[in-house]
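J.: whatever this is, show me its structure:
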Amino acid sequence: MEQELLIKRIEEKDPKAFDVLYENYSKSLFGVIYNIVKNEEIAEEILQDVFIKIWDKAATYSPSKGRIFTWMLNIARNAAIDKTRSKDFNKDKKNLSSENFVDILNAHDNLNEQVDAIGISKYVKKLKETCKSIIELLYFKGFTQKEASEELNIPIGTVKTRNRNCIANLREMLLN
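T.: Numbering: from 1, shown residues only. Prediction:
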């Protein structure tokens, strides 16, 4: 089903179209959410919330601003980041046992695994190492630009410029 027709049918509240959308995109969106929150149960809750937002806000999607997947990815990413910044999430994280920290550090630490979750692995692999690190921090680990600047020990302006250039390179690869 063509993506624009699919989103139009969702806008019209067609449950079959929603089923198709969920079937096609839930695993990829879950992967992105999980890579940010590092908790399967929380990621599942966020995924449900994301699809409710997609259902409710389908009319706000504009094909001129990008693909449906990009629009949904932004909703998912923002929801996951919002969750990590919530008081409840931070309180729960403080109560984790040390065993959970080992799991968190070992789980999905590989950029190649992370980008496979949304199907762009072959494109990200072609980027320069500086681009890979920026994309990993900002888009897969949910860092803010300021946090990425501190992590990479480079000025925030450099992070912004590299991010803009790397995304432009990735976009160019995807369109060609």
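J.: give me the residue ranges of this protein where confidence is low.
T.: 1, 87-121, 176 (pLDDT under 70).
J.: can you spell out the domain ranges of it, please?
T.: Per the record, the chain has its domains at 1-109, 110-176, by automatic domain parsing.
J.: roughly how far is the last one from the heart of the chain?
T.: In this case it means domain 110-176. 12 Å (C-alpha atoms, centre = their mean, to the nearest Å).
J.: and the longest one, by the same measure?
T.: Put simply, domain 1-109 sits 7 Å off its chain's centre (C-alpha atoms, centre = their mean).
J.: if we can go back for a sec, as JSON lines, the domains of the chain with mean neighbour count would be great.
T.: All C-beta atoms are positioned from the backbone trio N, CA, C, and that covers glycine. Putting the domains of the chain into JSON lines (neighbours: other C-beta atoms under 10 Å) gives the following:
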{"stretch": "domain 1-109", "mean neighbour count": "15"}
{"stretch": "domain 110-176", "mean neighbour count": "15"}
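J.: helices or strands next to the lengthiest helix in the chain in the packing?
T.: Looking across the chain with DSSP state H, the single longest helix is helix 15-37. Applying 3 or more C-beta pairs under 8 Å, 6 or more residues apart in numbering; DSSP states H and E, one finds that helix 15-37 contacts helix 3-11, helix 40-56, helix 68-84, helix 111-116.
J.: make JSON lines out of the ones you listed and add distance to residue 164.
T.: Formatted as JSON lines, the helices and strands packed on helix 15-37 follow (distance: least, C-beta to C-beta, whole Å):
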{"stretch": "helix 3-11", "distance to residue 164": "26"}
{"stretch": "helix 40-56", "distance to residue 164": "26"}
{"stretch": "helix 68-84", "distance to residue 164": "16"}
{"stretch": "helix 111-116", "distance to residue 164": "19"}
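J.: out of the ones you listed, nearest to residue 21?
T.: Closest of the helices and strands packed on helix 15-37 to residue 21 is helix 3-11, at 6.0 Å (criterion: C-beta to C-beta).
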